[in-house]
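**Q** Here is my input, please return the structure:
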Amino acid sequence: MNDRRASASSTVTVTVPPENILPTADLSACPTTGGASLKVDFNGKCEDPDGTITECKIDFKDGPSSAFTSGMTHTYSKTGDYYPVLTATDNMGATSSSTTRVVVAQNQLPRATLTATMPTSGEAPFKTTFSAGCSDTDGTITGCSLDFGDGTVVDAKAPSSGLGCGGAGTASVISSQSFSHSYKGGVKEGVVTFTARLTATDDSDAVVTSDSITISVSTSAVLAKVSAAPEVNVKGVRNKITVNFTTQKEMPAGGKIRIVFPTGFDLSKRSGSYCTLPNGAYKDYFTSSSADGNTVEVSNSGTNVPPSDFSCVISGVKNPSISPTGSIPVSTVDPSGHVIEKGTAPGNLLGGQGIISGVKVVRSSWIPDKSIEVLLTFTTSNTIPSDGTIRFTLPSGFDVNGASADCTDMDGGVRVSAASPVIQISRSGDGSALPPRAMACTLRNVKNPSTRGYADIFTVQTTDKLD
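**A** Alright, predicted model coming up:
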């Protein structure tokens with residue numbers, strides 16, 4: 001028996017794909033808390049390490065899902081606790097998701113704070129400074145507008161501070177900023193009021209306006225025939241000064257007459273002030289006065305006074321030591337401090353010449369035609385400016401051509417000029433002013449007259465640069 005066996009085989013290769021790696025989803029929100037109508041920025045991404053993303057959708061949990069783009073904004077209009085979900089789907093149908101939390105509460109209104117420096121009223125043009133600040137405790141400030149009330153509106157929004165997503169903070173706490181503004185007043189005389197307001201708007205479009213601030217600006221009329229004159233027209237002496245003017249408007253009860261003396265006048269020992277009207281009218285009304293620095297105010301303690309001529313006397317005022325002086329502003333004001341009328345007394349009416357006293361002359365020789373030295377001692381009553389002069393006028397017959405001169409206690413450079421009969425020492429301005437003092441000056445190379453019998457009268461005069 002023939003036992004014969006047969007066999008056959010074949011090989012099949014089967015490729016098993018690797019296990020699919022799930023896609024990834026990453027989601028973040030900013031802000032995560034806030035009031036209703038909360039605008040939230042979403043950032044994130046969908047990725048697949050071994051394939052492609054076929055879908056990247058977000059469910060905000062208050063409506064249908066939508067395709068996701070990083071940086072998109074969604075508004076939650078109702079209060080609630082939301083858990084938005086970002087879902088990534090890859091080409092194998094696998095999904096992965098990421099969730100964050102957004103809490104929406106009842107929106108808190110923003111705050112607007114506005115203050116103004118005092119006073120809040122004055123004469124046009126009137127300048128004041130405001131401090132303005134807008135803040136929001138549960139969101140961000142989107143608008144902060146300052147309206148000055150005269151048609152001018154500025155953006156008062158400042159950078160927010162705080163910690164939170166993106167470093168911007170989930171609440172805006174705005175530091176106050178300063179804003180200066182000048183009000184022009186009205187076209188006609190009188191008082192014009194302006195109402196300043198600050199308006200804050202938050203990211204939920206809620207709007208709050210601050211308490212208003214009223215600014216009062218007065219435009220005054222003009223006083224007529226304003227003048228001022230000292231009783232004694234001598235520099236550096238203490239006397240009384242009379243200021244005259246005519247009002248065009250009624251002077252109200254409780255109003256004041258305000259007189260401002262320029263720099264150089266000394267009111268520290270003022271002995272009183274009063275104002276009179278013609279024929280003794282209202283004689284007891286304007287007897288109460290006060291002074292602050294170089295400003296004197298005389299109050300109307302009676303009833304309203306119609307337009308009239310006024311004469312105000314301020315006693316115990318010391319004249320400046322140097323002229324000319326500045327002008328003297330004069331105004332009438334109502335009980336609230338608003339200027340009714342104003343004018344200015346010219347400054348060149350004030351301050352006169354001082355007196356040089358104790359002049360003594362000593363000559364080195366009386367021989368005719370001889371060149372000599374002349375020593376003059378004297379006492380000044382006014383300050384000699386650093387650019388002032390000392391002028392010596394000699395009697396007729398003396399020859400001063402080519403003469404020189406110098407004085408003790410005089411610093412800085414000087415220039416001496418001599419032309420008969422005057423010798424003048426001019427200060428160059430680089431020294432110090434010389435207050436009233438005893439002085440000694442020597443005139444050299446002065447030639448005596450050729451004959452005796454002349455009048456021995458020497459004149460000494462000090463001047464400022466304008467002379």
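**Q** shaky segments in the stretch 1-150 of the chain?
**A** 1-7 (pLDDT under 70).
**Q** Relative to whichever helix or strand Ile241 is part of, what are the paired strands and their orientations?
**A** Using DSSP states H and E, Ile241 sits within strand 238-246. Strand 238-246 has its sheet partners listed here by DSSP bridges as strand 224-230 (antiparallel), strand 309-318 (antiparallel).
**Q** How far away from the center of its chain is it?
**A** 33 Å (CA atoms, centre = their mean, to the nearest Å).
**Q** Buried residues of that strand, list them for me.
**A** Within strand 238-246, the residues that count as buried by 16 or more other CB atoms under 10 Å are Lys240, Ile241, Val243, Asn244, Phe245. (Glycine included, C-beta is placed from N, CA and C.)
**Q** mean confidence for the helix or strand that it is followed by?
**A** Using DSSP H and E, the helix or strand that follows strand 238-246 in sequence is strand 256-260. What strand 256-260 shows for mean pLDDT is 94.
**Q** Confirm Asn279 sits in a helix?
**A** Yes. Counting by DSSP: H, G, I helix; E, B strand; the rest coil, Asn279 is found in a helix.
**Q** That one and Asp309, how far apart?
**A** As for Asn279, its distance to Asp309 is 10 Å (criterion: CB to CB, to the nearest Å).
**Q** Looking at the two, which one has more neighbours?
**A** The neighbour count for Asn279 versus Asp309, taken as other CB atoms under 10 Å, is higher for Asp309 (14 against 7).
**Q** residues contacting that one?
**A** Taking CB atoms under 8 Å, 6 or more residues apart in numbering, we find Asp309 in contact with Lys225, Asn244, Phe245, Thr246, Leu277, Pro278.
**Q** Contacts only, for the last one.
**A** Under the criterion of CB under 8 Å, 6+ apart, the neighbours of Pro278 are Ser308, Asp309.
**Q** Got the domain ranges for the chain?
**A** Residue ranges for the domains of the chain, per automatic domain parsing: 24-105, 111-219, 222-349, 357-463.
**Q** Can you give me the first-to-last residue distance of the second one?
**A** Across its full length, domain 111-219 reaches 35 Å between end residues, using CA to CA, to the nearest Å.
**Q** now swap in the last one and tell me
**A** For domain 357-463, the first and last residues are 15 Å from each other (CA to CA).
**Q** Likewise for the first one?
**A** The first and last residues of domain 24-105 sit 31 Å apart, counting by CA to CA.
**Q** Same question for stretch 16-35.
**A** Using CA to CA, one end of stretch 16-35 lies 55 Å from the other.
**Q** Determine the longest strand present in this protein.
**A** Counting by DSSP state E, the longest strand found in the chain is strand 190-202.
**Q** and that strand, which residues are buried?
**A** For strand 190-202, by 16+ other CB under 10 Å, it's Val191, Val192, Phe194, Ala196, Arg197, Leu198, Thr199, Ala200, Thr201, Asp202.
**Q** Would you mind confirming that the fourth one makes contact with Asp211?
**A** No. With contact defined as CB atoms under 8 Å, Ala196 does not reach Asp211; the gap is 10.1 Å.
**Q** list the residues that contact both of these two?
**A** Shared contacts of Ala196 and Asp211 (CB under 8 Å, 6+ apart): Leu114.
**Q** Quick check: Pro320 touching Ile241?
**A** No. Applying CB under 8 Å as the test, Pro320 and Ile241 come out as separate, 11.4 Å apart.
**Q** what pLDDT does Arg427 get?
**A** pLDDT, Arg427: 91.
**Q** what's near enough to touch it?
**A** Residues near Arg427 by CB under 8 Å, 6+ apart: Ile384, Pro385, Ser386, Asp387, Gly388, Thr389, Met410, Gly412, Gly413, Val414.
**Q** just the buried members of these?
**A** By 16+ other CB under 10 Å, these give Ile384, Pro385, Ser386, Asp387, Gly388, Thr389, Met410, Val414 as buried.
**Q** Who is Asp90 paired with across the strands?
**A** Under the criterion used (DSSP bridges), Asp90 bridges to Ile53.
**Q** where does the stretch 351-467 of the chain have low pLDDT?
**A** Checking the stretch 351-467 of the chain against pLDDT under 70 turns up 351-354, 453-455, 465-467.
**Q** Okay, strands next: where are they in it?
**A** In the stretch 351-467 of the chain, strands defined by DSSP state E, counting those that start in this stretch lie at 357-363, 371-379, 389-393, 404-407, 414-419, 422-427, 438-447, 459-463, listed in chain order.
**Q** any chance of those strands in JSON lines, plus distance to Lys184?
**A** Listed next are those as JSON lines, based on distance: least, CB to CB, whole Å:
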{"stretch": "strand 357-363", "distance to Lys184": "54"}
{"stretch": "strand 371-379", "distance to Lys184": "54"}
{"stretch": "strand 389-393", "distance to Lys184": "47"}
{"stretch": "strand 404-407", "distance to Lys184": "55"}
{"stretch": "strand 414-419", "distance to Lys184": "51"}
{"stretch": "strand 422-427", "distance to Lys184": "46"}
{"stretch": "strand 438-447", "distance to Lys184": "54"}
{"stretch": "strand 459-463", "distance to Lys184": "44"}
